[in-house]
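Undergrad: sequence first, predicted model second:
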Number of protein chains: 4
Amino acid sequence: MKFKVFSELTYVATTPATFIFNIHAAKTANQQILEESFSVSPDIYYEIFSLGNNGIRFVKLELYVPLTFTITYQAQVEVSHEVINESTLSTPTSIMQLDPGVIPFLYPSRHCQSDKIYKLAQSEFGNAGTIFQQVNAINEWIYQHIEYLGGSTNSGTSAYDTLTQREGVCKDFAHLGIALCRALDIPARYFTGYAYDLNPPDFHACYEAYIGGRWIFFDATKLVPINGLVKIANSKDAAEAAVASFFGSAMCTFMNIQCEVMDENFEPYLLTPDATEGIAYT
Amino acid sequence: MKFKVFSELTYVATTPATFIFNIHAAKTANQQILEESFSVSPDIYYEIFSLGNNGIRFVKLELYVPLTFTITYQAQVEVSHEVINESTLSTPTSIMQLDPGVIPFLYPSRHCQSDKIYKLAQSEFGNAGTIFQQVNAINEWIYQHIEYLGGSTNSGTSAYDTLTQREGVCKDFAHLGIALCRALDIPARYFTGYAYDLNPPDFHACYEAYIGGRWIFFDATKLVPINGLVKIANSKDAAEAAVASFFGSAMCTFMNIQCEVMDENFEPYLLTPDATEGIAYT
Amino acid sequence: MKFKVFSELTYVATTPATFIFNIHAAKTANQQILEESFSVSPDIYYEIFSLGNNGIRFVKLELYVPLTFTITYQAQVEVSHEVINESTLSTPTSIMQLDPGVIPFLYPSRHCQSDKIYKLAQSEFGNAGTIFQQVNAINEWIYQHIEYLGGSTNSGTSAYDTLTQREGVCKDFAHLGIALCRALDIPARYFTGYAYDLNPPDFHACYEAYIGGRWIFFDATKLVPINGLVKIANSKDAAEAAVASFFGSAMCTFMNIQCEVMDENFEPYLLTPDATEGIAYT
Amino acid sequence: MKFKVFSELTYVATTPATFIFNIHAAKTANQQILEESFSVSPDIYYEIFSLGNNGIRFVKLELYVPLTFTITYQAQVEVSHEVINESTLSTPTSIMQLDPGVIPFLYPSRHCQSDKIYKLAQSEFGNAGTIFQQVNAINEWIYQHIEYLGGSTNSGTSAYDTLTQREGVCKDFAHLGIALCRALDIPARYFTGYAYDLNPPDFHACYEAYIGGRWIFFDATKLVPINGLVKIANSKDAAEAAVASFFGSAMCTFMNIQCEVMDENFEPYLLTPDATEGIAYT
């Protein structure tokens, strides 16, 4: 599936400041960048870097004086989603056999305090069937019980709060999904990306659970088709994959995000409560 | 400096369970394992693995039935501490020039909510001089203001609580140090190890701050000489470097930890409030 | 119904200290003290006082030197429980017509942060029928979802935590019941007392909700018959009705609590999920 | 001192709703209402009531249909402030001799978790001299360390957060002052009122500490002269003395608050770090 993504962000820095942006589409086995461009206006020196060999890319730039600047990214991306069948999804996860790279996603993180909700997760979802059925039950529960309400939370909000306060935005839905999975000893990670048909347009945050040896994609907001994403990054949670981190005083004053599907035969896929197949990005 | 370390841990698992231990001395440029042995009794299959190429080693093992077992580790380790001089410690940290591997240690984590204590950190320590002087001021403040009190906290306690409740054990002192550093945009990471002269004997938790391109070692408990450690692991915080993580029901029923210096000319070094030199483990 | 209650508490004060105890059976319209005695050993001056004209009694005493002392209280108490019928319980509560003395029990308190769980309470219990049915649904939910586990919480634990962590002791069950009621705009208050057949013997904490103009009694632990209590106090939560508050350093080293029913025809009454009648203490 | 106070509030209720307002100047020994009027437009039935015999007045009214309405209150009030001298302020507080009505103000409340900050309070302020000097040191510390920043907190914010996050508005400053006092076993209560010269005009929140048998007034914001207040209410914290509590869906859309001094010889009094005299409202 071919996507065209675009983002334009303006920041006003009122002090010298360093920025780290995370808006490039990831380069992975299943996601190829056909064409892309990135620019900063005015023309400031920047560097693109990765934290590992996972294809996730960051941009850093430094302002020596207060400045207003705009970054623009656009790309055409070919994304292959794999449909993962019931037999794979039914395979129990053996922690003993987990790849070492997956193990960190078992542990609690800044916004996903899985260690504090162990009993809740076990009693609510521990008996929901296969691992996939358990995660899908979590996803459905979040969708049913948490109100999507713009502006109801802030960057300090975490899964522990959302579970009780019952409101949030996409990052909060994702953090709660991740925390509940990890509390069931299921590795789970944060997923940010461009999302087709998201209204109002914005970056989107979802999550993936490690089931049957694959990272299966979930979106508890159900705001977009789950095959309509272009991945930017995976991480333990939003603390590690912010669209923009800055060191100094700054604020975002303009944001324009777009994501279009370029194929005519795109069939939106939504996960249902009784789904037997999942979708994997790689 | 040559150290002899030893640990013996007994766990009672009341269900089938998987364990991940992190008790091996790390293999690093400055820390060489002269001799070591690890065993499990009864004889259970285990695997040693690393999460990266950083020399930090984990052991995993799986119990298919409830079982009581004991793991034993002993090693002789040659550790070189580097004394880092004032000129290096006075070099400002440029976020722009940070190695990508250091960047994750700028962000908040499960037990180190640096994002929530930004103002406090800036106003209390932001004007304390060079980066090293700022961190040393943080370290001294923790030592002066937090009461070391065994049993006063639990595994869910975090820096945000410790800052207010003013009591804790070594992990809490380390988490607070890390959180305050990160709130000042100074990368900081958790350090676990065997510690010479720790009383009562136990594993020890400290932290390192990234100053002048080096990871400088700090211990806000001041319980042991800062050149008396054998590193086990670095991580974002205790959530990622527990001595023992288990999946299933289990409990530790016995623990015997030892750490001896084998050189006669060991000169204990303690960081003072007006120190101008620091120490780095690698 | 006639009860015989007894409590004996030993405290070791390691500094001069002032104590406020709240262990006397309350004197109310429906609870008459037939006979009672209170003593302190050694013989320390004390005063009995009330905070209002509600029959709740406190004892205060002051130690000018460190001391170990024991207080002993015993009483025979006649308690009349009123059975409140369905028609009263079905009467909607009009906030406009609440007695001023009831209004404070609508607001959040130290351990009952009803303001933070409004959405959860509304969506889970807001449509459960009459006010009585709503509170009974809350009570049943707590009983089903929270594990009674001695030692799992401490004096700082509050309803906000219990809702997520899913474990606690009687005070935590009561705080959660109160918080959920208040989040539904139903006045609710804390109730401490001596409880018949409580195992192990201890003081007990329950709660009351204001329904149809009466304070209806609930106990989410279901550890004792709801007609087996002798009231000590009502309050907003445990912060205002501790068995013992002390100012100075002290610790309780011995506790012996007893509560016997003296009538042969006592018929234990337990609230069922489909109960149509409630019980009121006054 | 004669004051003229005025408040006009418009609320839009989108459902049937009950409101409880607390905007009337209190009637106390030292505060006499020379003239006042209260009205609701449109003309809705309301009742004025008190929770005790303390002269604090509330208005309740009920809307049977969604409605937009405005309440208006104006009064001329004669307020006598008593200057409390050093000898009274130096008298140690004996908990044993506290009036029963004062005791509840020793305990933690919703927004003032004094139980969790005991060590911090003791170590920071416990040795600051007389009780008055201790509270004045608390007041000064808050003024120096907490940034007054409109919109930085919300109604769920409490002293525990403010202590760490270091920002807030007048209620947060008051809650922190109260929590720190109670953690030192000094009774403290919340104080709301009309404040002369407050900019921008609004209701104001301060606090009182019980010293030498009197409630001494403190304002950690230092935004107004401490003899420039007209008391509306005292309470344990904001949870019990909100300007407006409502049950149903509503929002405030307009607010106009005024407070003028009518005497020409008004001499603004500000508490200094080395003050030896305090001021009491009654």
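TA: That came through, no problem.
Undergrad: what about the residue of chain A positioned farthest from its centre, distance to A:Pro16?
TA: Largest separation from the mean C-alpha position in chain A: A:Val65, at 32.5 Å (C-alpha atoms, centre = their mean). For A:Val65, the distance to A:Pro16 equals 6 Å [C-beta to C-beta, to the nearest Å]. (C-beta placed from N, C-alpha, C; glycine too.)
Undergrad: ok, A:Ser80 next?
TA: Counting by C-beta to C-beta, the gap from A:Ser80 to A:Pro16 is 43 Å.
Undergrad: how about A:Thr162?
TA: 35 Å.
Undergrad: pick out whichever of these two has more residues nearby.
TA: More neighbours surround A:Thr162 than the other of A:Thr162 and A:Pro16, with 25 against 14 (other C-beta atoms under 10 Å in any protein chain shown).
Undergrad: any chance of the backbone angles for the more buried one?
TA: Main-chain torsions, A:Thr162, degrees, to the nearest 10: phi -60, psi -40.
Undergrad: what do you get for the one 10 residues further on?
TA: With angles defined as degrees, to the nearest 10, A:Asp172 sits at phi -70, psi -40.
Undergrad: let me see the contact set for the residue lying closest to it once chain neighbours are set aside.
TA: Computed as C-beta to C-beta, 6 or more residues apart in numbering or on different chains, the closest residue to A:Asp172 that is not its neighbour in sequence is A:Thr162, at 4.6 Å. Residues near A:Thr162 by C-beta atoms under 8 Å, 6 or more residues apart in numbering or on different chains: A:146, A:153, A:168, A:172-173, A:175-176.
Undergrad: shouldn't A:Ser87 be within a strand?
TA: No - applying DSSP: H, G, I helix; E, B strand; the rest coil, one finds A:Ser87 to be helix, outside a strand.
Undergrad: for it, give its distance to A:Gln258.
TA: For A:Ser87, the distance to A:Gln258 (C-beta to C-beta) stands at 38 Å.
Undergrad: quick one, which of those two is more surrounded?
TA: Taking neighbours as other C-beta under 10 Å, A:Ser87 and A:Gln258 compare with A:Gln258 leading, 14 against 9.
Undergrad: and what about the more buried one, helix, strand or coil?
TA: When classified by three-state DSSP, A:Gln258 comes out as strand.
Undergrad: so where does A:Gly177 fall, helix or strand?
TA: helix A:170-183 (DSSP states H and E).
Undergrad: hang on, the earlier thing: what about the residue farthest from the centre of chain A, helix or strand, and which?
TA: Using DSSP H and E, A:Val65 falls outside every helix and strand.
Undergrad: is the most centrally placed residue in chain A bridged to anything, and to what?
TA: Centroid-nearest residue in chain A: A:Phe191, 2.0 Å away (criterion: C-alpha atoms, centre = their mean). A:Phe191 forms beta bridges with A:Cys206, A:Asn234, as assigned by DSSP bridges.
Undergrad: let me know whether it touches A:Phe203 as I believe.
TA: No - contact between A:Phe191 and A:Phe203 fails when scored by C-beta atoms under 8 Å: they sit 11.0 Å apart.
Undergrad: need the contact list for A:Phe6.
TA: By C-beta under 8 Å, 6+ apart, A:Phe6 lies in contact with A:72-74, A:256-259.
Undergrad: restricted to buried residues, select those in PyMOL.
TA: Only the buried entries of these go into this PyMOL selection, using 16 or more other C-beta atoms under 10 Å in any protein chain shown:
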select buried, chain A and resi 72+73+74+257+259
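Undergrad: ok, the contacts of A:Phe6 vs chain B, which is closest?
TA: Among those, A:Tyr73 lies closest to chain B (C-beta to the nearest C-beta), at 19.5 Å.
Undergrad: specify the local secondary structure of the closest one.
TA: strand.
Undergrad: how far away is it from A:Ile257?
TA: For A:Tyr73, the distance to A:Ile257 - C-beta to C-beta - is 10 Å.
Undergrad: now do the shared contacts for those two.
TA: Jointly contacting A:Tyr73 and A:Ile257 under the rule C-beta under 8 Å, 6+ apart are A:6-8.
Undergrad: ok, of the residues you listed, which one's closest to chain B?
TA: Among the shared contacts of A:Tyr73 and A:Ile257, A:Ser7 lies closest to chain B (C-beta to the nearest C-beta), at 21.1 Å.
Undergrad: and the helix or strand hosting that closest one, what's buried?
TA: In the assignment (DSSP H and E), A:Ser7 maps to strand A:2-13. By 16+ other C-beta under 10 Å, the buried positions in strand A:2-13 come out as A:3-5, A:7-11, A:13.
Undergrad: and stretch A:43-60, end to end?
TA: End-to-end distance for stretch A:43-60, by C-alpha to C-alpha, to the nearest Å: 13 Å.
Undergrad: is chain B contacted by that stretch?
TA: Yes - residues of stretch A:43-60 are located near chain B by C-beta under 8 Å from any C-beta of the partner chain, namely A:47, A:49-51, A:58, A:60.
Undergrad: before we move on, what about stretch A:61-75?
TA: Yes - Stretch A:61-75 reaches chain B (C-beta under 8 Å from any C-beta) through A:61-62.
Undergrad: CA atoms of that stretch as PDB?
TA: The C-alpha trace of stretch A:61-75 is given here as PDB (Å, rounded to 0.1, in the frame of the first residue of the first chain):
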ATOM      1  CA  LEU A  61      19.300  20.800  15.500                       C
ATOM      2  CA  GLU A  62      20.600  23.500  17.700                       C
ATOM      3  CA  LEU A  63      19.700  27.200  17.900                       C
ATOM      4  CA  TYR A  64      22.300  29.500  19.300                       C
ATOM      5  CA  VAL A  65      19.800  32.300  19.500                       C
ATOM      6  CA  PRO A  66      16.100  32.600  20.000                       C
ATOM      7  CA  LEU A  67      14.400  31.900  16.700                       C
ATOM      8  CA  THR A  68      11.200  30.900  15.000                       C
ATOM      9  CA  PHE A  69      11.600  28.100  12.500                       C
ATOM     10  CA  THR A  70       9.700  25.600  10.500                       C
ATOM     11  CA  ILE A  71      10.500  22.000   9.600                       C
ATOM     12  CA  THR A  72       8.800  20.300   6.700                       C
ATOM     13  CA  TYR A  73       8.800  16.600   5.900                       C
ATOM     14  CA  GLN A  74       7.100  14.800   3.100                       C
ATOM     15  CA  ALA A  75       7.500  11.300   1.800                       C
END
